[in-house]
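1. Kindly return the folded structure for what I paste below:
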Amino acid sequence: MGDQPLREMLRLLKKGVSFENLRTIKQVAFLQPANIELPKNKQWKTVELSSHEDCLSDKLKYAANFKTVEVESNKWNADRIIQKVGDKMLVINPPYKTMTEDEIDTSFDLPYTRLPHPKYKKRGAIPAYDMIKFSVNMHRGCFGGCSFCTISAHQGKFIASRSEKSILNELEQVADLPDFKGYISDLGGPSANMYKMKGKDEAICAKCSSPSCIHPVICNNLDTSHKPMTELYRKVDANPKVKKAFIGSGIRYDLLVDDFNKNNEDGNHDEYLEQVITRHVSGRLKVAPEHTSDATLKVMRKPSFKYFHKFKQKYDKISEKHHLKQQLIPYFISSHPGCDDVDMANLALETKDMGFQLEQVQDFTPTPMTVATVIYYAGVHPYTLRPIKTVKDKDEKLNQRKFFFWYKRENHSYIRKSLNKLDKSDMAEELIGAKRKDTPNWLKEKRKNRQ
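-> Numbering: from 1, shown residues only. Coordinates of the predicted model:
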């Protein structure tokens, strides 16, 4: 994020310092001739990557480079990174530390117009703007570290949270907009329920370089109390200008499952979820289990699907208590590295048994600066350099998607053919064969064992 380096650059430029002499500011990158000395900073260590040319000819070196970049991106105090590019040297200075509450408030409290750039004025409606026009961003950063997501690459894994005062002041500004009808479209962030979460002992965080605070398990040093959010939501609810404030950002459901998240000292998980379900859902609550296969989920850096089952049980119980019929919408990804047709068939079977007919789905798309994209391109995991199979062919990717829509008759032929070829005809029969009321006992038993 550019707030801090931009502020420092402008301060120095106003003093008359030239651009050429801004090379020791944190969080800036530049090219210089490879044969001249690096700018001096006694506090920085320097890590050199394999050259750009080596990466073009050796995918393993490219993958190893990514590991170094991600590790440095997730450090409290990162090292400077350099890489030779032809006869030049690329220099990437360490990032600033995560903004304090006062710093992020100062940035968010500037007198923004909340309007699109004037150049868009004659281009008609802007769907992306309409979606966030009446939203309030509570924090930055995400400690999930999902292998297909770039949030940690540009916002970091440490959370920078705004103060209640700053958020409630912005809420007043939104409520005073001429076309505001009383509805906040989103009160959230990259992951809606990470507000105010940080390390209990930040000295431990300062030594950590893990890309995720919650994978493969939740760090016992992570304060995951949902109390600050619950209290803030109630204050937003109390504003007479607000009819309803929705949580449009996805929530990390695994943080609310006690079997997975043991850090529930204040016992607030159920209280928070009840507040969300009863006051902040616009008919649908979005969560992202992403897959049902534990092997694929491991590559994704996501928890086992069994925790989604537990979350749904809790969601259904609270909904029933309040006589609510609001859909729980799970997001899934096909063609992710490590996923094959059998994994997709299991996903279809398990979600079918849970009563879902999936709509909110996507096919994996390589996105720069992610683990999954490195695997897609290099064929190996950057942390182990071991091969991981990934479907790349257009037809193979489209065929994996067909399992999402098993209920559409036009997909039955491929599903049956694919599973028969894999000697999984029983899965084909279970998914698209006999009607549920006619299901043989052996299939009933199999479903029971899976659950």
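2. Low-confidence ranges, this structure, go.
-> Within the chain, the segments meeting pLDDT under 70 span 434-451.
3. Just give me the residue right at the centre of it.
-> In the chain, the centroid-proximal residue (C-alpha atoms, centre = their mean) is residue 149; its distance is 5.3 Å.
4. Now for that residue: which residues touch it?
-> 142, 367, 370 (C-beta atoms under 8 Å, 6 or more residues apart in numbering). Any C-beta I mention is one placed from the backbone N, CA and C, and that applies to glycine too.
5. Try it again at 7 Å.
-> Shown in contact with residue 149 (C-beta atoms under 7 Å, 6 or more residues apart in numbering): residue 370.
6. from here on, count from 391
-> All set: I'll call the first residue 391, so the last point we hit is now residue 539.
7. Confirm that it lies within a helix, as I assumed.
-> No: using DSSP: H, G, I helix; E, B strand; the rest coil, the assignment for residue 539 is coil, not a helix.
8. Next one: it from residue 792, what distance?
-> Separation of residue 539 from residue 792 (C-beta to C-beta, to the nearest Å) stands at 25 Å.
9. What of residue 528?
-> Residue 528 is 39 Å from residue 792, by C-beta to C-beta.
10. Looking only at neighbour counts, state which of these two leads.
-> Shown here are residue 528 and residue 792; by other C-beta atoms under 10 Å, residue 528 has more neighbours (26 against 20).
11. Could I get the contacting residues of that one?
-> Neighbours of residue 528 in contact, by C-beta under 7 Å, 6+ apart: 551, 552, 557, 577, 578, 579, 585.
12. quick one: which of these is nearest residue 741?
-> Within the contacts of residue 528, distances to residue 741 taken as C-beta to C-beta reach their minimum at residue 578, with 25.2 Å.
13. Secondary structure element for the spatially closest residue to that closest one that is not a sequence neighbour, which one?
-> In space, and not counting its chain neighbours, residue 578 is closest to residue 639: 3.1 Å by C-beta to C-beta, 6 or more residues apart in numbering. Assigned by DSSP states H and E, residue 639 falls within no helix or strand.
14. So what's the residue count around residue 639?
-> 18.
15. Isn't it up against residue 583?
-> No: using C-beta atoms under 7 Å, residue 639 is not in contact with residue 583, being 8.6 Å away.
16. can you give me the strands in the stretch 541-690 of the chain?
-> Per DSSP state E, counting those that start in this stretch, the stretch 541-690 of the chain carries strands over the ranges 550-551, 573-574, 576-578, 588-589, 612-613, 634-635, 674-680.
17. typed the wrong thing, it's the stretch 391-540 of the chain
-> With DSSP E, counting those that start in this stretch as the criterion, the stretch 391-540 of the chain has strands spanning 419-423, 436-438, 470-475, 478-482, 525-527, 529-530.
18. just checking, residue 722 is part of a helix?
-> No: applying three-state DSSP, one finds residue 722 to be strand, outside a helix.
19. For it, which non-adjacent residue is spatially closest?
-> residue 751 (5.0 Å).
20. Quick check: the closest residue to residue 479 other than its chain neighbours vs residue 506, distance?
-> Spatial nearest neighbour of residue 479, chain neighbours left out: residue 424 (4.5 Å); criterion: C-beta to C-beta, 6+ apart. According to C-beta to C-beta, residue 424 stands 42 Å off from residue 506.
21. now residue 712
-> For residue 712, the distance to residue 506 - C-beta to C-beta - is 39 Å.
22. Comparing those two, which residue is more hemmed in?
-> residue 506 (13 against 10).
23. who's in contact with the more buried one?
-> For residue 506, counting by C-beta under 7 Å, 6+ apart, the contacting residues are 516, 519.
24. what about it, distance to residue 823?
-> Residue 506 is 52 Å from residue 823, by C-beta to C-beta.
25. Run a quick neighbour tally on residue 606.
-> Around residue 606 there are 10 residues (other C-beta under 10 Å).
26. and residue 595, what is it in contact with?
-> Contacts of residue 595 by C-beta under 7 Å, 6+ apart are 466, 589.
27. helix, strand or coil for the nearest residue to residue 810 once chain neighbours are set aside?
-> In space, and not counting its chain neighbours, residue 810 is closest to residue 818: 6.3 Å by C-beta to C-beta, 6+ apart. The three-state label given to residue 818 by three-state DSSP is helix.
28. residues in contact with residue 818?
-> 805, 806, 809, 810.
29. Which of these are buried? Put it as a ChimeraX command.
-> To isolate the buried members of the contacts of residue 818 in ChimeraX, using 16 or more other C-beta atoms under 10 Å:
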select :805,806,809
